[in-house]
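Engineer: let's see this in three dimensions:
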Amino acid sequence: MSALAVFLAAVGLFCGPGSAPAATYYVDQTLGNDAWTGQAEKPGGDNGPWKTLTRASTNYVAGDRLLLKCGETWNEELHPKGNGTPAQPIFIGAYGEGQKPVIDRQDDKQDLFGIHLMDQEGFKIVGLEFNRCMTGIYGEYSDGCPTKKFIWIEDCYFHDSLLYQHYENYPTRKIGLGICFFSHECHNQIVLADVTVKDCVFRRLASGFWTNSPDNFNKNASFIYNFGNLTFEGCLFEEGYQWQLGIRGVDKGAVRNCVTHDIGRGFKAFNGVAGAMFFRCKNWVFEDSEWGFIDLGQGSWDGEAFDFEGNCDNMTMRNCLFHDTDGPGFLLCCYASCPQPNTGIHMEKCVLNGKAKRPIKLPRCEIVNTTDWNESLWKDCRFYLSEGEALMRVMDPEKDKKSKFVNCLVKNLSDACSTPNLAARATASASSAAAGHEASKANDKKADTRWQATAAADQWLQLDFGSAITINEFKLKEDPSSSITRYVIQCWDEKEARWVGCFNGRTIGAGFMAPIISRTARKARVLIMTTTSGNPGLAEFEAYNDTTGGLQITPLGQVVKGPAKK
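Structural biologist: This next block holds a predicted model:
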């Protein structure tokens with residue numbers, strides 16, 4: 001190899017004999033022409049952007065960039081060929097100004113993809129929108145495929161694919177998904193590793209993200225892992241039907257700073273609704289994430305915030321919030337999908353306020369444990385029990401009890417917010433305020449006064465406490481004239497100088513208690529995104545640091561009558 005070739009290889013511009021250096025290609029649905037080279041943003045001679053994704057479905061080399069024009073829409077499948085590397089991925093993104101480029105397949109009832117990968121690796125996909133695709137991004141890996149590495153998906157929007165049918169024979173695809181990675185491998189072999197999904201939004205999908213294989217419903221396929229090292233960071237899953245994370249057969253992963261909200265409403269599932277369902281997975285960490293408002297819809301099963309379905313080992317959850325569920329807050333399951341119990345489930349500093357509005361074959365409870373064979377440790381967690389609700393129920397009791405509770409606070413939901421209201425001494429401000437309905441009317445301890453915004457959407461009410469305080473509960477009281485349907489409570493992160501969400505809500509009404517993972521902050525606010533009609537109004541916005549009134553429990557999770565021992 002010449003000295004020049006050595007230098008080019010070092011900087012990633014030489015790919016070996018017969019390979020072309022990395023290049024950038026453009027696609028413009030309006031002004032493009034498939035007869036052009038694709039290597040210029042604007043037309044000039046025979047040079048200029050391509051028009052179609054069909055033309056763009058060609059061979060690429062490591063480091064190539066394929067850019068779609070902002071504001072343009074394609075009803076085509078993009079099937080890029082070739083492979084990148086983690087250091088030099090094939091980049092698929094956007095150029096220009098305006099809205100994200102959209103791949104809109106126009107009919108989610110047809111088996112149509114947005115982007116299709118086959119036995120490929122080394123891709124980074126950023127800043128695209130996928131609408132009405134049965135599957136937005138579909139990657140499939142053949143039986144015997146050697147391990148492929150690195151798929152990165154960031155700042156993408158997947159929405160409006162709600163087709164739902166019996167899918168036991170998947171990959172005969174019958175369900176709307178944002179992203180799916182499917183392995184045809186039936187042995188314990190990793191076919192794809194090092195996948196990151198960051199800052200993506202999944203909205204109005206039957207399910208958001210799946211890993212799947214032919215052993216989806218095979219109870220005898222325990223301990224088969226076809227995927228490795230899967231990370232979710234900063235993602236929102238909202239208004240979906242079934243499991244927004246349906247994760248199967250993954251060795252090592254993480255879910256950090258993600259929110260799953262408003263799942264199952266108006267829907268009937270043949271095999272249950274949950275915010276997330278993990279099956280046959282091991283070595284995962286879940287941190288600073290939230291699952292809330294999980295609905296049984298039109299008579300579906302389950303309705304829990306989170307489900308370890310079976311054969312899940314060494315799974316740790318820290319600082320996670322589970323709330324407002326029709327079923328239990330949490331399900332520890334085996335038998336339904338496989339006979340293998342879950343082991344090494346560690347729940348640390350988590351908060352459960354499921355409310356269990358409707359039971360599933362058991363009395364209402366925060367935790368359903370199908371068998372004492374499931375091994376779980378609940379440490380430094382807080383539980384809020386609604387009237388008539390138990391902490392945990394076991395469907396199949398065994399002599400050997402493998403669930404333990406250490407230093408947990410269990411209290412009746414009705415006893416929440418029983419310490420002094422910290423908002424009473426805070427300074428209130430707002431994005432807007434109608435005359436006579438200033439922000440200060442929402443922390444004056446008077447139910448007959450209110451803060452009223454002058455616009456309907458994206459309005460906020462803020463409390464400034466003057467110095468950093470610890471908060472673990474909020475209470476909202478809505479004015480009768482108001483009809484809030486979506487909001488988020490946020491705390492100010494001084495170190496990062498930004499607002500951080502700590503509770504995602506739907507309706508409020510006359511009074512709503514919102515527990516959060518305990519935070520220390522100088523400021524808090526409620527950001528109101530939507531109303532049914534009119535402008536939002538709050539009679540009170542209260543904040544508390546309440547650690548009182550706990551019920552005594554045994555190490556096995558049995559609630560003892562009477563208050564907790566000091």
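Engineer: how many residues are close by Asp288?
Structural biologist: By the measure other C-beta atoms under 10 Å, the count of residues near Asp288 is 17. C-beta here means a position set from N, CA and C on the backbone, and glycine is covered the same way.
Engineer: separation between it and Thr419?
Structural biologist: Distance, Asp288 to Thr419, using C-beta to C-beta, to the nearest Å: 25 Å.
Engineer: helix/strand/coil for Arg55?
Structural biologist: helix (DSSP: H, G, I helix; E, B strand; the rest coil).
Engineer: need the contact list for Trp499.
Structural biologist: Residues counted as contacts of Trp499 (C-beta atoms under 8 Å, 6 or more residues apart in numbering) are 490-493, 525, 527.
Engineer: could you do Trp451 as well?
Structural biologist: For Trp451, the contacting residues are 428, 430, 433, 437-442, 461, 537-538, 541, by C-beta under 8 Å, 6+ apart.
Engineer: could you do Lys355 as well?
Structural biologist: Contacts of Lys355 by C-beta under 8 Å, 6+ apart are 323-325, 329, 386, 389, 413.
Engineer: rewinding a little: pull out the buried members of the contacts of Trp451.
Structural biologist: With burial judged by 16 or more other C-beta atoms under 10 Å, the buried subset of these is 428, 430, 433, 437-439, 441-442, 461, 537-538, 541.
Engineer: want to throw those into TSV with secondary structure and distance to Phe512?
Structural biologist: Below are those laid out as TSV (DSSP: H, G, I helix; E, B strand; the rest coil; distance: C-beta to C-beta, whole Å):
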residue	secondary structure	distance to Phe512
Ala428	strand	18
Ala430	strand	19
Ala433	coil	22
His437	coil	20
Glu438	coil	22
Ala439	helix	19
Lys441	helix	18
Ala442	helix	14
Leu461	strand	14
Gly537	strand	14
Leu538	strand	11
Phe541	strand	11
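Engineer: need the next SSE after whichever strand or helix holds Tyr384, C-terminal direction.
Structural biologist: Following DSSP states H and E, one finds Tyr384 within strand 382-385. Using DSSP H and E, the helix or strand that follows strand 382-385 in sequence is strand 390-396.
Engineer: would you give the sheet partners of the helix or strand following that following strand, along with the direction of each?
Structural biologist: Tracing the chain past strand 390-396, the next element assigned as helix or strand by DSSP H and E is strand 403-406. As defined by DSSP bridges, the strand partners of strand 403-406 come to strand 376-379 (parallel).
Engineer: check which residues of the partner strand are buried.
Structural biologist: Neighbour-count burial for strand 376-379 flags 376-378 (criterion: 16+ other C-beta under 10 Å).
Engineer: and that strand, how far out from the chain middle?
Structural biologist: Distance, stretch centre to chain centre, for strand 376-379: 23 Å (C-alpha atoms, centre = their mean, to the nearest Å).
Engineer: and for stretch 265-274?
Structural biologist: Distance of stretch 265-274 from its chain centroid, counting by C-alpha atoms, centre = their mean, is 17 Å.
Engineer: what mean pLDDT does that stretch have?
Structural biologist: In this model, stretch 265-274 has a mean pLDDT of 92.
Engineer: then stretch 367-385?
Structural biologist: 96.
Engineer: start and end of that stretch, how far apart?
Structural biologist: 11 Å (C-alpha to C-alpha, to the nearest Å).
Engineer: and if you look at stretch 166-186?
Structural biologist: First-to-last residue span, stretch 166-186, C-alpha to C-alpha: 22 Å.
Engineer: buried stuff in that stretch?
Structural biologist: By 16+ other C-beta under 10 Å, the buried positions in stretch 166-186 come out as 167, 170-171, 173-185.
Engineer: for Gly511, state which of those is nearest.
Structural biologist: Closest approach between these and Gly511, by C-beta to C-beta: Gly178, at 35.6 Å.
Engineer: and the closest one, what element?
Structural biologist: strand 177-183.
Engineer: and if you look at Trp152?
Structural biologist: Counting by DSSP H and E, Trp152 is part of strand 148-154.
Engineer: now for that strand, which elements pack on it?
Structural biologist: strand 123-126, strand 135-141, strand 192-198 (3 or more C-beta pairs under 8 Å, 6 or more residues apart in numbering; DSSP states H and E).
Engineer: report how many residues lie close to Leu476.
Structural biologist: By other C-beta under 10 Å, 24 other residues sit near Leu476.
Engineer: state the distance from it to Glu168.
Structural biologist: Counting by C-beta to C-beta, the gap from Leu476 to Glu168 is 43 Å.
Engineer: now Gln462
Structural biologist: With distances taken as C-beta to C-beta, Gln462 is found 50 Å from Glu168.
Engineer: so what does Ala423 look like in phi/psi?
Structural biologist: Reported as degrees, to the nearest 10, the phi and psi values for Ala423 are phi -70, psi -20.
Engineer: pull the contacting residues for it.
Structural biologist: Taking C-beta under 8 Å, 6+ apart, we find Ala423 in contact with 443, 463, 540-543.
Engineer: which residues sit in contact with Pro341?
Structural biologist: Contact analysis of Pro341 by C-beta under 8 Å, 6+ apart lists 310-311, 334, 371, 373-375, 402.
Engineer: swap in 10 Å and give it another go.
Structural biologist: Contacts for Pro341 (C-beta atoms under 10 Å, 6 or more residues apart in numbering) come out as 308, 310-313, 332-335, 369-376, 398, 402.
Engineer: how about low-confidence regions in this protein?
Structural biologist: For the chain, the stretches flagged by pLDDT under 70 are 1-20, 216-219, 359-362, 561-566.
Engineer: repeat that for 50
Structural biologist: Scanning the chain for pLDDT under 50 picks out 1-18, 565-566.
Engineer: distance of Gly240 relative to Gly310?
Structural biologist: According to C-beta to C-beta, Gly240 and Gly310 sit 22 Å apart.
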